[in-house]
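In: Any chance you can model this:
(chains A and B)
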Amino acid sequence: MQLNIQPEGQETIVKIIGELDTIATTEQADELQKVVDMADKALTVDCSQLEYVSSAGLRFFMRLKRETEAKGGSVRITHLNEDVADIFRMSGFENIFQIEN
Amino acid sequence: MKMKKLSIVSVVFLVVALAIQFAVSYNRERTNLENDIERRMELAEKDFVFEVYDMYDATDEITYFFPELCDNTEELYSMLKTVLGRFQNLYGCYVAFVPDSLHGRERRFSPFASRAEGDSISAFDASMDVNYPERDWYKGAMQSDEKGYWSLPYHDGIHNDLVFSHSRKVYDKKGRMVGVAGADYTLSWTKHKLEDIKPYGDAVCQLYSTNGTLIVESGEGDMDGMIVMEKTLSPLNMRLVIGVPNNHVWKSVRGISLLTLAVLLTGIIAAGWLIRRIQRDHEAYARTETAKKLMEKELQIASNIQRGILRAPAPDGAGAGAEVQATLVPMREVGGDLYDYYRKGDDFFFIIGDVSGKGIPAALFMSATVNLFRSAVKRLQSPKAIMEEINGVLSEHNPSLTFVTAIIGRLHVPTGELTYCNAGHLPPIKVNGERCEEVELIPNIPLGYEGKFQFVEQGTLLGKEDTLVLYTDGITEARNKNHEMMGMARWKEMVMEGSGVQEFKSSRVQGEEMVERLMEGVKAFIGKAEQSDDITLMTISKRSDMQPYVLHVENKMSQWPVLRKALHDYGMCGGMEDRTLKKMILALEEAVVNIVNYSEAKFIGMTISCGDTQRLSITLRDDGIAFDPTAQAEVDTAAVIDQRQIGGLGIALLRQIADEVHYRRTDDGQNELSIIKNI
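Out: Numbers count the residues shown, from 1 in each chain, chains lettered A, B, ... in the order given. Okay, here's the model as predicted:
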């Protein structure tokens, strides 16, 4: 997994490239923490190149949501591919996230 | 051995033939000779009879005139001279009076007319010179009847030569027997006669008197070993004997026999020469046969070696997820067609090729190509690289400019990605569902010409039900009895039929059965025509009836990629849709994370299987603490986030993705979780 963080005007765009699975969330916990640390900002997570997400990945999104709500930021998820969107749907996450295409 | 026998037979034949010929011609010659002698003797008899009858006639005439003249001496002389003059062959005519029978005469009186030299005839009284009453002719005549007496030869004391006489009694007017009348005939003259009748100079001709005395003979020598014939000359009662040396017969026979011998010998020599030649031909043929048999044996060995080089098709020859079938029917014992394949990890490599030319030279190139492929495929990954390496070596020393057309391919079994490189070979046919298409080919060049040629490789996909049909021109250029060529169109139709499209509405027939069907089709097309080239057929297909895949790993999250890859590959091989496969991977990940995090197990065992029920089944076993994920309460995904149990999310996803999830604690104390997904 690769993270690409880029401020764009008022927003900060976080691009997740590759797979966000158990191993990635474990091994790259520090990098993911940096994103969580930006919870006071208006975050847009670009998932156009997110190919796979597991429950560990979903947990990351959950943490991000909680932190933004706590720190006054926001999180917006864009460009989910069909596979990942399926996971969001199955897990009910599509109901709790603001998902755009 | 045969020659000797033939020689003996020839010699025996020759001898028998000669003997028969000899006997026949001897008999014929002898009969000829005997006939000749007989004819001569008959002629001689006539002559003799004619001549000696002069004597008879002469004595007859004398006897006739005698009674009137017997008293007149002068007239008697005159009469005798006249008679002698009339019979040219006679030498003398005479009368001999019975001593003291006539008055006024000497006691003995024998008037005699004689023919002297120069045919002059003189007459005189011979009683002075001859004591005639003692003579045979006198005594004989006295004792004989009116026909007279033929005397034995004798010297008459007047002629130098031997003479013989015919004599008969004479009578006076009163009918008293008063003497003997006779006529002489010289035997020297007779001798000439005998000479005349001799058929050969060295023949012997003898004349015997009645009492068996040899009167005269011509030629000398005894008649032993001669062909002797005799004839009694009537009415003289003399015996004429002719002896002819056998060698005259032999000579003729020899002449004929020699001719025959020459002809026969020529014939036998010619026949012998012919036989010898045939025998030589036969020996040469036998030698050729032996050499041929030896060569056939060596060819058989070569054929066995070549068959040994080719991989025997095996059900799992292509490894998991793929199937390969191949058959090669060489036209002769050995051929130039080739195929080979090799499974390396997830990649299945294959080659099909056709060496130009036929027989041993092609076979040598064929085995070189196969071995080069085997060597290269272990080290190299791309068909292009393998092709270029083989080409480099084959081009290096190729004085005969033999070349190989080939296709080398690599099927990445999990994905069905097919990478291939062509070297002037025929396009493979891809059978896909209801379609049958030629795989697009960049020709490049055949192997063996230009060692530095840069080959271009291509790619395509081989789907779940797809079969790739590779072949050599022995199929497309096969000809039937009417010299019609199979051709690409007909072959493609055959492939469609062979794949079962018509029967099952899809290409359901694969692998061995398909190859069998196609080969039957090709053989049926060729029919009674002769196979004109090697025929090779290879099919490569993705397998749907997959064998279970079993894997054991340590119970650590670091092993996850191994499990994940195994499932991914298996799913790909099984033809699972990419999206479904990704979800199953997610399900598996959640299950594995659960085990890793909570079970304290040492290992995880995974079995993936895909029966023909079209269900993908993953069974996980671990030796950890008993834990039944299915017993967890359903996570209410609709519930607000704050109220949710984050920990149950993974299990929830697992249960949502899978169609069935089963748990059981096994007898040997293991957790067994089965995740089943209908495909």
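In: Tell me where the stretch 151-300 of chain B has strands.
Out: B:154-155, B:162-171, B:177-186, B:204-208, B:214-218, B:226-233, B:238-245 (DSSP state E, counting those that start in this stretch).
In: okay if I get those strands as JSON lines plus distance to residue B:480?
Out: (Each C-beta comes from the backbone N, C-alpha and C, glycine too.) Listed next are the strands of the stretch 151-300 of chain B as JSON lines, based on distance: least, Cβ to Cβ, whole Å:
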{"stretch": "strand B:154-155", "distance to residue B:480": "116"}
{"stretch": "strand B:162-171", "distance to residue B:480": "111"}
{"stretch": "strand B:177-186", "distance to residue B:480": "110"}
{"stretch": "strand B:204-208", "distance to residue B:480": "94"}
{"stretch": "strand B:214-218", "distance to residue B:480": "98"}
{"stretch": "strand B:226-233", "distance to residue B:480": "85"}
{"stretch": "strand B:238-245", "distance to residue B:480": "86"}
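In: would you turn those strands into TSV with mean neighbour count?
Out: Formatted as TSV, the strands of the stretch 151-300 of chain B follow (neighbours: other Cβ atoms under 10 Å in any protein chain shown):
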stretch	mean neighbour count
strand B:154-155	13
strand B:162-171	25
strand B:177-186	26
strand B:204-208	22
strand B:214-218	18
strand B:226-233	16
strand B:238-245	22
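In: possible to save the ones you listed as TSV with distance to chain A and mean pLDDT?
Out: Below are those laid out as TSV (distance: least, Cβ to the nearest Cβ, whole Å; pLDDT from 0 to 100):
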stretch	distance to chain A	mean pLDDT
strand B:154-155	166	79
strand B:162-171	161	86
strand B:177-186	162	88
strand B:204-208	144	84
strand B:214-218	148	78
strand B:226-233	135	83
strand B:238-245	135	84
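In: can you give me phi and psi for whatever residue of chain A ends up closest to chain B?
Out: At 2.8 Å from chain B, residue A:92 is the closest residue in chain A, using Cβ to the nearest Cβ. In terms of degrees, to the nearest 10, the main-chain angles of residue A:92 are phi 80, psi 0.
In: for chain A, longest helix please?
Out: In chain A, assigned by DSSP state H, the helix with the most residues is helix A:55-71.
In: Check which helices and strands the helix or strand just after that one is in contact with.
Out: Toward the C-terminus, helix A:55-71 is succeeded by strand A:74-78 as the next helix or strand (DSSP states H and E). Secondary-structure packing of strand A:74-78 (3 or more Cβ pairs under 8 Å, 6 or more residues apart in numbering or on different chains; DSSP states H and E): strand A:42-46, helix A:55-71, strand A:98-100.
In: Return the angle between stretch directions for the first one and strand A:74-78.
Out: When you say that, I think you mean strand A:42-46. 20 degrees (axes from the mean of the first three to the mean of the last three Cα atoms, to 10 degrees).
In: for strand A:42-46, what is the average pLDDT?
Out: Strand A:42-46 shows a mean pLDDT of 93 in the predicted model.
In: Which secondary structure state is assigned to the closest residue to residue A:55 other than its chain neighbours?
Out: What sits nearest to residue A:55 in space, not counting adjacent residues and going by Cβ to Cβ, 6 or more residues apart in numbering or on different chains, is residue B:650, at 3.8 Å. For residue B:650, the assignment made with DSSP: H, G, I helix; E, B strand; the rest coil gives helix.
In: quick revisit: with distance to residue B:284 as new columns, can the helices and strands packed on strand A:74-78 be given to me in CSV?
Out: What follows is the helices and strands packed on strand A:74-78, written out as CSV (distance: least, Cβ to Cβ, whole Å):
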stretch, distance to residue B:284
strand A:42-46, 91
helix A:55-71, 89
strand A:98-100, 95
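In: mind listing what the closest residue to residue B:362 other than its chain neighbours touches?
Out: What sits nearest to residue B:362 in space, not counting adjacent residues and going by Cβ to Cβ, 6+ apart, is residue B:336, at 2.9 Å. The contact partners of residue B:336, taken as Cβ atoms under 8 Å, 6 or more residues apart in numbering or on different chains, are B:354-359, B:362-363, B:365-366, B:534.
In: which two in these are spaced the farthest apart?
Out: B:354 and B:359 (13.8 Å; Cβ to Cβ).
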